[in-house]
Every structure is written in C-alpha cells, then in structure tokens.
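**Q** need the 3D shape of this:
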Amino acid sequence: MRLGQVVMTSVRIAYAVAVVLAHLWLGAGAALTAEAPVRGGTLTIALVPEPSHLNSAFDTSPQVVMVSTKTNEGLLSYDLDLNPVPQLAESWKVSPDGLRITFNLRHGVHWHDGKEFTSADVEFSVMKVWRELHGRGASTFAAVSAVETPDPYTAVFVLSKPAPYIVSALAGFESLVIAKHIYDGTNVRANPANSAPVGTGPFRFKSWSRGANIILERNPDYWAPGKPYLDQIVFNIMPDASARAAALESNQAMMVFQSMLPLSDAKRLSRLPNLELTTAGYAYQSTMMFLEFNLDNSTLRDTRVRQAIAYALDRDFVTENIWYGFGETATGPIHQALNSFYSGKVPRFAYNPDQANRLLDEAGLPRKAGGARLNLTLDVLPFGDQYVRTAEYARQALADIGIIVNIRNQDFPSFIKHVYADRAFDLNLVGASNSPDPTIGVQRFYWSKAFKPGVAFTNSSHYNNPRVDEILERAQVESDVNKRRELFAEFQSIVMTDLPIIPITAIRQVTLTNKRVKDHSITADGVFSNFASVWLAPQ
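**A** Numbers count the residues shown, from 1 in each chain. This next block holds a predicted model:
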C-alpha cells in the first residue's frame, strides 16, 4: 500500500518515541506502592461489551473474565515473571515421573453462601467443566485422567502422560474454580448462578442491571485477613468509546482496561494530571492480533494466495500507526513476550505488493475487467477500535493487488456464529491470548484435533498438518525445557511456511486509570486478577 511507504520514515521516528514512552509506562503500577493501603471506596470500571454471563470457567472472553475473577478464583496466581504463587492452593508438588500433581488447599475457605471450599470443588471443576466445556481446557487438561481427593484439603491431578504446562494454566483467568454444590447435576452453561455468581473471591455479587452496570461488594469473610480493601466494584457498561474517554477524563470511571479506548485517546488522556497509563499486568495473556484464512475455501487453500496476502499487508504500518507502537510487529505465532519459546528464525513476508501480484498471477487469478481478481468477506472481532481500523487498512491494501474485501462488522454473538459455528467466512481478523505457555494458548489454532465447529477461538482455519500435530503433541509431554523450546522453534518455522494464519501484531495491552487506583497490575494477570490488593488513595 503506497500510503505505508510514503509515511514510513516519519512514522518510525514517532514509533521510536512511542516505544521509549511505552517502556517507561510499563513500570507504572507494576509494583506494590510504598504507601500503606487505605480501606474503603468504590472502584468504577468501564466495561465493554456487556457480558452474556459471569462464569469464565467455560468462557474466557475478556469481559466475562474481568468480572468473574473478582468473585471466583484459581488454584494459583502468577507473579510478573510468570512464576506460580499460591491462591486457593497453598502449595503443590509434581511427582518425579510427572504423572501426579498434588495440591494442598487452603483451610477455612468458604463459598459466599457459607459452604466450605474443598477438594471436591476442584475435582468437579477440572473433570466436568474445564475438560468438557472450556475452549482451551479440553486440550490443556486432556492428560488429566482423574482428580483424587483423599481428604477435603488435598487434590491430586492424575495424568495419563506428563503435562508440564498445566502448572502454568491455573490462574482464575484461565481455570476458574466453581462450586460443585451449585453446579453438579445441572446444565453448567445454563445455570442461574452464571448471572449471580457464588465464589470464594474477595468480592461478592450484589446486582446486575442489564445495559447499565454490574455491582460487586466486599466479601467480609474472605480468607486473606484484612482484604479486600475496596468496599465495592462497579462495572459500568459503556459501549461507546468516546463515552469511556469522557468518563475517565471527568472521574466518572476510574479504569479502562485492555486497550478499550482508541490508543490516540489513551496517550492523550495519560498526560492529564489525574490519569496514568500502564502496559504491565498482561504477560499472562500475551495477546496477538492475526488474520485467519478459511482453508475450506478452495482459493485460499493455495499457499501462493495466502503468501500474496501476507506480502500485501504492511504489518509494520499497522503496528506503528493503528496500535501506536503498543506492541511489536509479529513474526510468528508466538508472542515476543514469551521469550522462553519465541523464535525469530522463520520465513518473513516483508511488505512487497509487487511480489504479491506475481504470486496471484502464478495462482491463476488474473485481473478481470475493472482490475479485480476475487472477492472475500472479512469478519472482524468487535473488541476495540484497533480491530476495525486494521480491517479497513487491510481492505485498502488488498484492493491494491486486486482483492476486493467486504468487511462484516457485527456484534460479538454474531461474530462467533459466523466464524465458529456456521464457518461462513473467508478471512477472520481476531485477537487471542497466547497464554503463558504455547501448549495452552497457541496450539489450539494449529492442532488439527482442535478443529470443532462451534467452539470459539480454536482452529477456525481448519488447518491440518500431520508434522505440526506430531510436534505439538510431543511438546505436550516433554518435560525438558530445552527440548520443548526446540520443538516450538520447528513448529514456528513450519506454520510460517504453510501460513494458515498471518500474525500481524504482538500487542502490548494498555490499562488507563485514575491515579487514585493503586496496585491493580502487580501480577501477570493484572486487571484480570482478583483485586484483593487494590485500593484507592484518598482524594
């Protein structure tokens, strides 16, 4: 696209400044403040879109996770370096053969209805919910053949084969523990508790006024003495981006998370004396934006066509101009932040529209009258301005090589239906978490066995490469970190050759808050943690 070439020099200067600023901002809010926490107050958070329910044990959509991790919790949490730390489990141990993981649970933890939390709740959550209903859990916990409960405070994961990644998958963000006595024997997805959750967390559900707000209140019986500090959390439903920006500016909202503002507004607002911006607390997600091909489309099954589209997209331009430098141009399926597994030794598709045109000619797609070669429909994840702007850029860039793109903007349920249930799409612009381990967050998009129509954020490309399947399955059971790293390096090289997906931007997500909000991003899951330690400084 010629626009990208014209502005690239000046943009790179701006990008360099943005990266420096972003790294400075990265530390903001990332460590516990030196001040003593103050009890009381209401934290107001702008939420978009409105969730359909409040149970992330089977649905890890960000707006669901944001609320449900405050009422319910995981077995573990993770520090900013992704090291596991206790939450509902006080300690854990992996057997020498890797086939048993023993969790020692906290004593004296109660559900919000007064029932005691026990190992039976863990067994139910793993075997009946995470394994059966969770989009990633089916593969993450596939090796768990049973959960033994020798006493109320011990849960033992019994594995059919080693699964070293499981200990990275136990945050509330990824694997929420829910109450057996509420869900057992019911349709978990349809249980009324999904709209009025009963958890072990620091906040209890109070009310949900559809279209307006969700209110949580302090749990006075929380297991961590003296916590939480906040009296209430109010999630205000704010579908309009300009309204979210205005609410922050006027102190009517105290937090907007996960880049749910136009980033131009975020940078402007961060300069106001009452607001601050951080990119800390998103390591557990490591979100990627990427373009998926529907390989059931015979035209897109031709690798040359997919490569042509990759050459036509100036991904540096997208990262620098649409994401304002909050991220890196993606080179492969694994986020650069996951440096234990990331490999840059992959085929690259630098912006080259001439090469794109040559490949389309070779693929037997000549320009017709008017210059068009083919028409494609592009579905866009309706999460934030950046996705829409990227889709608009892609439409213009692909028009330059004769591909007419029709963008289908829609609400979230319609997006899920078109892409994952009906599979009625050609291209799909989406963002998804890599999670802290590629087996958890990356495998699902490339493993042929993850292809299940109707299951969101899995292998919607319908990609099937036996060698890739073999590598991913070996990595699932390999306990040697160096050997896993080698396997994932080969995986990245193969899929960037086959190109069922074009990685575009390794996103560095943004949280914008009122400066009164303290200690909100002190763990790897940041704003998606339980907020037991969050507090408000006096006005």
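
**Q** could you use CA atoms for every contact and neighbour count after this?
**A** OK.

**Q** all strands of the stretch 201-350 of the chain, in order?
**A** Ranges of strands in the stretch 201-350 of the chain, per DSSP state E, counting those that start in this stretch, are 203-209, 213-218, 232-237, 255-256, 275-278, 287-293, 327-329.

**Q** got TSV for those strands, with mean pLDDT too?
**A** Listed next are the strands of the stretch 201-350 of the chain as TSV, based on pLDDT from 0 to 100:
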stretch	mean pLDDT
strand 203-209	98
strand 213-218	98
strand 232-237	98
strand 255-256	97
strand 275-278	96
strand 287-293	97
strand 327-329	95
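
**Q** adding mean neighbour count, write those strands out as JSON lines.
**A** Formatted as JSON lines, the strands of the stretch 201-350 of the chain follow (neighbours: other C-alpha atoms under 10 Å):
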{"stretch": "strand 203-209", "mean neighbour count": "19"}
{"stretch": "strand 213-218", "mean neighbour count": "21"}
{"stretch": "strand 232-237", "mean neighbour count": "22"}
{"stretch": "strand 255-256", "mean neighbour count": "26"}
{"stretch": "strand 275-278", "mean neighbour count": "23"}
{"stretch": "strand 287-293", "mean neighbour count": "24"}
{"stretch": "strand 327-329", "mean neighbour count": "23"}
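
**Q** closest one to G74 among the ones you listed?
**A** Of all the strands of the stretch 201-350 of the chain, it is strand 203-209 that lies closest to G74, at 14.3 Å by C-alpha to C-alpha.

**Q** what sits up against the host helix or strand of N406?
**A** Counting by DSSP states H and E, the element that carries N406 is strand 403-408. Residues from elsewhere that reach strand 403-408 (C-alpha atoms under 8 Å, 6 or more residues apart in numbering): 372-380, 391-392, 395, 398-399.

**Q** ok, those residues vs P84, which is closest?
**A** Nearest to P84 among the contacts of strand 403-408, counting by C-alpha to C-alpha, is V380 at 34.3 Å.

**Q** give the contact list for L263.
**A** So L263 contacts 322-324 (C-alpha under 8 Å, 6+ apart).

**Q** considering these, which possesses the most neighbours?
**A** Counting neighbours by other C-alpha atoms under 10 Å, the top entry in the contacts of L263 is W323, with 27 neighbours.

**Q** wait, that residue touches G384, no?
**A** No. Look at W323 against G384 with C-alpha atoms under 8 Å: they stay out of range, at 11.0 Å.

**Q** spit out the contact partners of A450.
**A** For A450, the contact set (C-alpha under 8 Å, 6+ apart) comprises 139, 444, 458-459.

**Q** from these, which is closest to P51?
**A** The closest of the contacts of A450, once distances to P51 are taken by C-alpha to C-alpha, is T458, at 20.1 Å.

**Q** what's the burial count for the closest one?
**A** The number of residues packed near T458 is 25, by other C-alpha under 10 Å.

**Q** secondary structure of it: a strand, I assume?
**A** No. Per DSSP: H, G, I helix; E, B strand; the rest coil, T458 lies outside any strand segment and is coil.

**Q** could the contacts of A450 go into CSV alongside pLDDT and distance to N236?
**A** As requested, those are exported to CSV (pLDDT from 0 to 100; distance: C-alpha to C-alpha, whole Å):
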residue, pLDDT, distance to N236
S139, 80, 34
R444, 91, 32
T458, 89, 30
N459, 94, 33
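
**Q** among those residues, which two are most distant?
**A** S139 and N459 (12.3 Å).

**Q** circling back to that earlier point, give me the buried subset of the contacts of strand 403-408.
**A** 372-373, 377-380, 391, 395, 398-399 (16 or more other C-alpha atoms under 10 Å).

**Q** so which of those sit within strands?
**A** Residues of the buried ones among the contacts of strand 403-408 located in strands (DSSP state E): 377-380.

**Q** pLDDT below threshold where in the stretch 101-250 of the chain?
**A** Within the stretch 101-250 of the chain, no stretch has pLDDT under 70.

**Q** count of neighbours near the closest residue to E328 other than its chain neighbours?
**A** Spatial nearest neighbour of E328, chain neighbours left out: A506 (5.2 Å); criterion: C-alpha to C-alpha, 6 or more residues apart in numbering. For A506, the neighbour count with other C-alpha under 10 Å is 28.

**Q** can you tell me how far A506 sits from L277?
**A** 19 Å (C-alpha to C-alpha, to the nearest Å).

**Q** how about Q492?
**A** For Q492, the distance to L277 (C-alpha to C-alpha) stands at 33 Å.

**Q** hang on, M127 in a helix?
**A** Yes. Assigned with three-state DSSP, M127 falls within a helix.

**Q** does it touch E148 like I think?
**A** No. Judged on C-alpha under 8 Å, M127 makes no contact with E148 at a distance of 10.9 Å.

**Q** tell me the bridge partners for the residue most central in space within the chain.
**A** With distances taken as C-alpha atoms, centre = their mean, S433 lies nearest the centre of the chain, 3.2 Å away. S433 forms beta bridges with T287, as assigned by DSSP bridges.

**Q** isn't it right next to M289, touching?
**A** No. S433 lies out of contact with M289 (C-alpha under 8 Å); the separation is 9.0 Å.

**Q** how much space between the nearest residue to Q63 once chain neighbours are set aside and H134?
**A** Nearest non-adjacent residue to Q63, counting by C-alpha to C-alpha, 6+ apart: P51, 5.8 Å away. For P51, the distance to H134 equals 17 Å [C-alpha to C-alpha].

**Q** returning to what we had before: does the residue nearest to Q63 count as helix, strand or coil?
**A** Recorded secondary structure, P51: coil (three-state DSSP).

**Q** that one and M238: what is the separation?
**A** With distances taken as C-alpha to C-alpha, P51 is found 12 Å from M238.

**Q** and the most far-flung residue of the chain relative to its centre, helix, strand or coil?
**A** Going by C-alpha atoms, centre = their mean, the residue of the chain most distant from its centre is A369, 42.9 Å out. Assigned by three-state DSSP, the conformation of A369 is coil.

**Q** all set now, cheers.
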